[in-house]
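J.: sequence first, then the predicted structure, then my questions.
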Amino acid sequence: MEKIAAENIGGAKNVVARASEFTRHGVKSKDALHIACAIKGKAEYFLTTDDKLLNKLAKTKELIVINPVNFIPLLESM
């Protein structure tokens, strides 16, 4: 996967620390790492079909966490 990645975030200490913050709020470890990497990579959107994750991250201000079905109309309007 690293060969096709636009950017390799890796396991930077600040990414792991940020992921730990999410886990303290009930986000599963792997999900927390994905979110922390998305934030570090300056992603605008994080797509997920996990309703529990969507609810837990609804107030996150660093990026928009959205269901792919809801993202499509948004993308089409851009």
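T.: Okay, I see it. Residues are numbered from 1 along each chain as shown.
J.: how about the strands in this structure?
T.: 45-47, 64-66 (DSSP state E).
J.: who wins for proximity to R24 among these?
T.: strand 64-66 (17.2 Å; Cβ to Cβ). Every C-beta, even on glycine, is put in place using the N, C-alpha and C of the backbone.
J.: buried residues, that closest one. List them.
T.: V65, I66 (16 or more other Cβ atoms under 10 Å).
J.: could you find the closest non-adjacent residue to the most centrally placed residue in the chain?
T.: When Cα atoms, centre = their mean is applied to the chain, the residue found nearest the centroid is I35 (2.9 Å). Of all residues not flanking I35 in the chain, F22 sits nearest, at 5.7 Å (Cβ to Cβ, 6 or more residues apart in numbering).
J.: OK, contacts around that neighbour?
T.: Neighbour list for F22: D31, A32, I35, A36, L57 [criterion: Cβ atoms under 8 Å, 6 or more residues apart in numbering].
J.: now it: how far from I72?
T.: 26 Å (Cβ to Cβ, to the nearest Å).
J.: over to H25?
T.: 28 Å.
J.: now K28. Nearest residue, chain neighbours left out?
T.: L53 (7.9 Å).
J.: burial count for Y45?
T.: 13 (other Cβ atoms under 10 Å).
J.: kindly report the same for L57.
T.: 22.
J.: is it true that it touches I64?
T.: No: when contacts are counted by Cβ atoms under 8 Å, L57 is not listed as touching I64 (9.4 Å).
J.: buried residues in stretch 30-37, which are they?
T.: D31, A32, L33, H34, I35, A36, C37.
J.: ok, and what's touching it?
T.: 9, 15-16, 18-23, 27, 46, 48, 50, 53, 57, 60, 63, 65.
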